[in-house]
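> when you get a sec, could you give me coordinates for this:
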Amino acid sequence: MASIARKMVGELLCEKDYLDEASLHIALDSQQQEHKPIGRILLDLDYITAAQLNEVLSGQSGIEKINLAGLTIPPEVISLVPAELVSKYNIIPVSRNNGRLAVAMTDPFNPQIVEDLRLVANCAIKRFYAEPAQMEKAILKYYGSNVARMLDNLAPQDRKPDEQQTNGDYSEAKLSELAREPSLVNLVNLIILEAIEARASDIHIEPFETEVKIKYRVDGLLVEKAPSSKRLQAAITSRIKIMASMNIAERFVPQDGHIDFHGKNSKIDIRVSTVPTIYGESVTMRLLDRSASLMNLTDLGMSDECLKGFSQALQRAHGIVLVTGPTGCGKTTTLYGALNKIYTPTLKIITIEDPVEYQLDGVIQMPVNPKRGLTFATGLRHILRQDPDIVMVGEIRDRETADIAIRAALTGHLVFSTLHTNDAVGAITRLLDMGVEPFLLASCLEAVLAQRLVRRICSKCKQSYQPDEALLRSFNGGIRLKANMKFYHGAGCNDCLQTGMKGRMGIFELLRINDTLRQLIAERPSADQIMKAAPADHISMREDGIAKILAGLTNPEEVLRVTQADNEET
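Below is the predicted model of the structure:
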C-alpha cells in the first residue's frame, strides 16, 4: 500500500511538470537502496522544492487548497494567532466556524504547528494548504513585515504618549546598555536582513518629532516601511553605531563607520553615515554585496554603437576616459567593468578609491584615508611612482587631482576617473571651471561617458499599454508614433513587490573627442558650442532612453524621470 502511495506522489509531480520521468526513475532506484519516502529522496537530490512536495502531498491527502489572493480575513480571526507563531510557521488563520479554526499553511504536515495552534487558540484546527507566494503577501497584509511586528512588540501602539520616552540625553553607559539588549540587537539585524531580501541599496533611519521613519532604497526609489516608536530611537541608533565602531556618546557631529554584516548567503559591506538633526541623528546605511559578481560592460545596457566607441577608448595607450553622473548612477560599476575587460597580466593597474567597493583580481587597489593624509591627490602622486600602465581615480574632486591626472595621461598613462556632472558635455566645462588648462585637457581627453539608471520592466508581469499622450509630448518629438507601435509596463506582481519594475539598467551618452572638439576645447568653449561640434552620430541620454522604451525594456515615465532635468537645462 505504501509503495502505491509513493508512486502516486511521483506521478502527481510529473503531471504538474515539477519532475520529469527520468528523474523520477533515478529517485525510485535510490529508494530501493535507502528505504526513504520518495518525497524525501527527491528533496535530497534537489529535483523538487519543499513547496512543490507539500502542494502535491496536500492534494493527495485530501487537504483542501485555499486561495488567499481574494480572501478577506476578519480582524477577530487574525487576533486569535499571535505574530510570533505566524512568522515561525508561515501560517495565517482564515476563519472560525463552530468552534474550529481554519488555518492556511505552506507545510500542513508539521504536527507541532497544529499542537501549538490548539494551545494558543483553544479550539480544534482545520488545515488548508496555501501557496508560499500568496502566504507571504497575506502575512504582510494582515500582520505587517517582520520588522513591523518586532517594532510593535518592543513599543506597543497602545502606549499613552506621555509614557513614551524621547531621544533624551542618555549617558554613554545607558546608551551602550540599551544597544546591547538582545531584542534591540535582533531588531537591527532584522532591519538589515529585510533590506537585503528586498534588494535594497540603502537603509535610511530618519528621526522626526513623534516617530522614526525607516526606508529602503530599492531600484533607486525610496520605499517607506513601518515606522519605529520615538522611544526606540536612541537604542536603534546606538546599536548601529556600536556595530560600525563609531562613538555612541558623540551625537552632535557627523560620523562615518563601516559594518561587515553576514547575511543568509553572503557577506555584506555596509557604509554607515550619521548626521545630527533637530530631532536626533539621521542614519544612512549603504549596502554592498561583496559576493556579487562584477558586471561585464555588455551587461550594463549599452547600445552596440556606444559599447563599440567606449571599448575603442579603453584601448588607447594613454589619455583620460571619464564617466559622469550623479551619486548612485553606477559610475564605479562601469569603471570596474572597463578594468575587468582590459585586464591582462602584462599590464600594471592601480586604483585609488573611496572606498574600495569590489576586489579585482590582479589589480592593486588603494583606499583613500583622509584622516591619515591619504587623499586622491596625494595617493595619485605616489601611484605614479609605482610605474603603472593604467590608473583609476575614484573621483576628480578638485583642481589638484585633475592636474595630476592630466599630467599622468600626458606622460603615457591611461587614466580612468569619474565626475559629478549632469551630462557628458558638462564634464569638459566642469574641468575648465576647476582651472585646468584648456590646451592640456584638449590634448589628453579621449572620451566622456555620461549615464543614468532606469528601472527595468518586470518580466513576470510585463504587458502592453498606451501611455498618456501628454507624457509622450514631454519628449519634444523624440518619440515619433507609428502604426502598431507598442509600449510596455509592468502590471505588478509578487515577484516585483507590485511595482511593475524589477532591476535596473543604464542609459548612456558617449562623447567621443575628435580633432574638431580638441581644437574647440583649447578655446574654452561653452556647453552649447561643444554639443554643436559633437560627432554627427552622437546619441544623447534621452535618445538612448527612447530606444530602450521602444525595445520594451523600460517605460516612458522612467526615462523622463531621470532625464527631464537635464533636458530642461540644455
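> okay, stretch 283-291 in PDB with CA atoms only?
Presented in PDB, the C-alpha positions along stretch 283-291 are these (Å, rounded to 0.1, in the frame of the first residue of the first chain):
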ATOM      1  CA  VAL A 283      21.400  57.300   9.900                       C
ATOM      2  CA  THR A 284      22.000  56.100   6.400                       C
ATOM      3  CA  MET A 285      23.500  52.700   5.600                       C
ATOM      4  CA  ARG A 286      24.700  51.800   2.100                       C
ATOM      5  CA  LEU A 287      24.700  48.100   1.400                       C
ATOM      6  CA  LEU A 288      27.300  46.400  -0.900                       C
ATOM      7  CA  ASP A 289      27.200  42.700  -1.500                       C
ATOM      8  CA  ARG A 290      30.800  41.500  -1.500                       C
ATOM      9  CA  SER A 291      29.900  38.200  -3.100                       C
END
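> could you list the buried residues of it?
Under the neighbour-count criterion of 16 or more other Cβ atoms under 10 Å, stretch 283-291 has 283-287, 289 buried. Heads up, the C-betas are built off the backbone N, CA and C, glycines and all.
> and it, average pLDDT?
The average pLDDT for stretch 283-291 rounds to 86.
> thinking again about what came up before, and which of the buried residues of stretch 283-291 is nearest Gln52?
Asp289 (28.2 Å; Cβ to Cβ).
> any idea how far Ser266 is from the closest one?
Computed with Cβ to Cβ, to the nearest Å, the distance linking Asp289 and Ser266 is 5 Å.
> coming back round to it: out of the buried residues of stretch 283-291, which are inside strands?
Using DSSP state E, 283-287, 289 are the members of the buried residues of stretch 283-291 that sit in strands.
> where in the stretch 151-300 of the chain is pLDDT low?
Applying pLDDT under 70 to the stretch 151-300 of the chain flags the ranges 152-153, 155-170, 264-265, 290-293.
> and the helices in it?
Counting by DSSP state H, counting those that start in this stretch, residue ranges of the helices within the stretch 151-300 of the chain are 172-179, 182-197, 233-243.
> and Ile278, how many neighbours?
7 (other Cβ atoms under 10 Å).
> TSV for the helices of the stretch 151-300 of the chain, including distance to Ile349 and mean neighbour count?
Formatted as TSV, the helices of the stretch 151-300 of the chain follow (distance: least, Cβ to Cβ, whole Å; neighbours: other Cβ atoms under 10 Å):
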stretch	distance to Ile349	mean neighbour count
helix 172-179	42	16
helix 182-197	31	17
helix 233-243	33	24
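> could the ones you listed be laid out in CSV, adding distance to Asp29?
Below are the helices of the stretch 151-300 of the chain laid out as CSV (distance: least, Cβ to Cβ, whole Å):
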stretch, distance to Asp29
helix 172-179, 56
helix 182-197, 38
helix 233-243, 51
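> looking at these, spot the one closest to Asp17.
Of the helices of the stretch 151-300 of the chain, nearest to Asp17 by Cβ to Cβ is helix 182-197, at 27.7 Å.
> ok so, going back, can you say which of the helices of the stretch 151-300 of the chain is nearest to Met105?
helix 182-197 (21.6 Å).
> what about that closest one, distance to the chain center?
With Cα atoms, centre = their mean, to the nearest Å as the basis, helix 182-197 stands 17 Å off its chain's centre.
> tell me the angle of it relative to helix 233-243?
70 degrees (axes from the mean of the first three to the mean of the last three Cα atoms, to 10 degrees).
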